[in-house]
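J.: take a look and give me a structure for this.
(chains A, B and C)
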Amino acid sequence: MQGGTASMLEAAKAEHLWPRPPRWAMAIGAAAAALLLAYPFVFTSSFAHHTMILILLYALMAQSWNVVAGFSGQISLGHAIFFGLGAYSSTVLFAKYGVTPWAGLLVGVLLSAAAAVAIGVPTLRLRGHYFAIATLLIGSSVQIVFQRWEWVGAASGLYVPIERTSPWLYLQFHRSKVPYYYLMLAAAALGYLLVWKLRRSRFGFRLQALRDDHDAAASLGIAVARHKVLTFMISGAMMSVAGTFYGQYVLVLDPERLFSAEISILVLLMTVLGGSGTLWGPALGAAVLIPLSEYSRIWLGGTGRTVDLIIYGVLIVLVCMWRPSGLLSVFEERIRRRRTVS
Amino acid sequence: MSRDLILQAIISGILMGLIYALVAVGLSLIFGLMEIVNFAHGEFLMLAMFATFWLWAVFGLDPLISLPLVAAMLACGGILVHFGIIRRLLSAPMLAQVCGTFGLAVALRAGAQFLWTPDFRTITSPMSAGRVEIGPVFIGQPQLVAGLICLFAFAALWAFITRTDTGLALQATAQDRQAAAVMGIPTERMWALGWAIGLGCVGIAGCLLSTFYYIFPEVGVNFALLAFVAVALGGFGSIIGSLVAGVLIGLTESLGGLLLDPSYKTLIVFGLYLGVVIVRPMGLFGRF
Amino acid sequence: MKPLLDVRGVSKRFGGVTANADITFDVNEGEILGIIGPNGAGKSTLFDLITGFQPMDSGRVQLDGRDITGMRPDRISALGIGRTFQKLKPFSDLTVTENVMVGALAGTADMKLARDQALECLAFVDLLEKRNSFARELSTGQRKRLELARALATRPRLILMDEVTGGVDQRTIPGLVELVLRLKEQGVTVVTIEHNMQVMMRLADRILALHAGRRIAFGAPEEVRAQPAVVDAYLGTVADAS
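T.: Numbers count the residues shown, from 1 in each chain, chains lettered A, B, ... in the order given. Below is the predicted model:
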């Protein structure tokens, strides 16, 4: 090896292993974190709390979708299945057996992971559109089943029985939305932390590799099928957590809504808008789209109920046409090049 | 269960299946040409139904008369969509292609709800109203007329694709874009033509469907799902495959509805998709 | 001496087309084996069969005495066979270093270690300067080097290289040839597909010549080049191609 190469190698090894975001990005991050922590006391209206809870909830849901689409490259159109399973698991256990929703949360996670394996093993080897359509149909089928299944309330759904004795045990807060807010914040933060870690792990690297090319990934020793199924499991489990919290928040489970294709599509729209495969893209998408629908509902009243969806749809078409990798991708790629010691 | 009941189910299943088939063939054609799945397909069916409805409600045009008009409108819409949106999506990653047409679907459905409310509408007493009695079986005349026109449309499409130069050029583009381009076939124009024909078929199907079916903004969702199934069964890009698969789905639905709780008939059809796709990912019939 | 790779009677048909018919050869530890043959001779298919990307119709492959016939590609990779692809397959949305790290992660879960190994492989293929670029931004020649570095990072005992010098700028060919020779020095066994006969004569210890899916010659380079069947099949088409 020549001397020039040797010294360049030394210099390269001295570089940071992970990119360092620029100062201004760190500053924005710190400010956002501070704002999120103080939010319920800065904005005190119930509407402000509700909107932010939904943003956090959807940020988590969209991130869950992003794990499958952004990392392993599979487009799932049936993610509402896991959302519904999470909500139903905790609610059925509590309503019928008095089990705390925390245990229900865990059961939901296990059930969703199991469902992810059951769905994923046969379908994840399908490529591209066939997988997308298969998940769309399976999602629709699961909804039909829950709408007919008497034991879980069929089409009229389930109510979470009101329990005022021990709010943290039963995950019900009737006086204020603030505890829900912090719960959702913690859940979303955990989800994002997990994905942040994932992206810097061997597993995450392997997923991104197989997303870009199955054959090349396999030639480097990556068991493609197993990795895809595992990712689907992780994603399903995340979605299920969001489902349980949502159930405890609204206290009414409506299969029409919980298992709707609309939820599967919303998380897709948010992720793609922000940038699939990026860490903060799903959060950005949720932060743009949720206020849009909450405010349009207020400004336009009942008749304006679908204006938000019109705007979403048009927005997504435009993003797909002009910036198919999402709003954040360019910014994030610029950061990923920054490894040199300054 | 009486034999008459089964016969009845078979005939109505076939007639409904022909509509499914005509919706599916457009989807199939577009995919065969440019490997794009039009997730807004059902919404175009919905638009065709509303167009038929308003032509009837405002101008008093019977669906059978407005049929060519609606088909032409949808065909123009197809060309617009191709040049306005799809062309830019072709080089994008698959995720952007799926989301692009999905976004369009969301916007169209929401737009229809905004403009026309989520209410269910019907076209009362169309020209084809009535009932035909063949032996022990009663057939709704609108369904019968719709089925016959669907068959005719299929025959015309088949003749066009296999007997005319333009049709052959279309096939060539679907089979090998580059080779076709080398032979002087303008790819871009073929794609636009594919969209025009594809949505034109949806226009005909929507127009016929509106003579005996509820018209509402979400009507397209289920038809689109069934069309995906039909296309997957018949093979993306196959015309005959779409026809056979559409009828098969119609039959499965109506016979399944007889045997089981009617609400589960969709599940059987979805199960059919999963079974076929997992066992035979290229569909039952291959391309064209 | 027992061969490192032992391929016996491998056959593969696609519909009515015979891609490989009863191909037998072996590769000794530490040598460079060249595979030549006109387009469509079945060279890349042979790679796909050995590395498990396509199931073979009949035949058997052994790596160091162990039967690897019918194993999944990732298992075969883990057992020590690395490969590159004729149609390049970079991970386009990863940086150059990240691409190679994926290979290095086959041997370690320590990200820092994997990064350092990746950088060493990049230094070896002389691509260090591009380490923080995205793979999609590289030229064809650079992508070939990247793919080689990625395969090397898995620390294979045997590497199958599909057309190292194909489709690259003439000026970069000597560098690539030298690269392969350095690999051999490091003790890696190499099987390489090559169109450029000059390059092949310089590199290969032994040559396997294929034509229409069949083995037409196998042995020392001078011997193989002298065989009439090779002259007919191979040199004839070279004249056509140029």
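
J.: which ones are touching the residue lying closest to residue C:53 once chain neighbours are set aside?
T.: The shortest distance from residue C:53 to any residue other than its chain neighbours is 5.4 Å, reached at residue C:73 (C-beta to C-beta, 6 or more residues apart in numbering or on different chains). Glycine gets a C-beta too; all of them are placed from N, C-alpha and C. Under the criterion of C-beta atoms under 8 Å, 6 or more residues apart in numbering or on different chains, the contact partners of residue C:73 comprise A:215, A:218, A:219, C:51, C:52, C:53.

J.: check contacts around the residue of the stretch 1-150 of chain A found nearest chain B.
T.: Among all residues of the stretch 1-150 of chain A, residue A:137 sits closest to chain B, at 4.3 Å; criterion: C-beta to the nearest C-beta. Contacts were defined as C-beta under 8 Å, 6+ apart; by that measure residue A:137 touches A:78, B:225, B:228, B:229, B:270, B:273, B:274.

J.: would you mind measuring from the second one to chain A?
T.: The span separating residue B:225 from chain A equals 6 Å under the rule C-beta to the nearest C-beta, to the nearest Å.

J.: that residue against residue A:138, yeah?
T.: No. Taking C-beta atoms under 8 Å as the contact criterion, residue B:225 and residue A:138 are not neighbours in contact, 11.2 Å apart.

J.: top of the contacts of residue C:73 by neighbour count?
T.: The most neighbours of any of those, using other C-beta atoms under 10 Å in any protein chain shown, belong to residue A:219, which has 28 neighbours.

J.: check contacts around the one residue sitting closest to the centre of chain C.
T.: Central residue check for chain C by C-alpha atoms, centre = their mean: the C-alpha nearest the mean position is that of residue C:161, 1.6 Å away. Applying C-beta under 8 Å, 6+ apart to residue C:161 gives the contacts C:83, C:84, C:148, C:180, C:190, C:191, C:192, C:193.

J.: and if you look at residue C:219?
T.: Residue C:219 makes contacts with C:206, C:207, as judged by C-beta under 8 Å, 6+ apart.

J.: now do it, the pLDDT please.
T.: Among the per-residue scores, residue C:219 shows a pLDDT of 91.

J.: show me what it bridges to in the sheet.
T.: residue C:207 (DSSP bridges).

J.: now do the buried residues in the helix or strand residue A:57 falls within.
T.: Secondary structure here is read from DSSP states H and E; on that basis residue A:57 sits in helix A:46-66. Residues of helix A:46-66 classed as buried by neighbour count (16 or more other C-beta atoms under 10 Å in any protein chain shown): A:48-49, A:51-66.

J.: for stretch A:167-176, same thing?
T.: By 16+ other C-beta under 10 Å, the buried positions in stretch A:167-176 come out as A:170, A:171, A:172, A:173.

J.: next, the residue in the stretch 51-200 of chain B positioned nearest to chain A: secondary structure please.
T.: Residue of the stretch 51-200 of chain B nearest chain A, by C-beta to the nearest C-beta: residue B:107 (2.6 Å). For residue B:107, the secondary structure call by DSSP: H, G, I helix; E, B strand; the rest coil comes out as helix.
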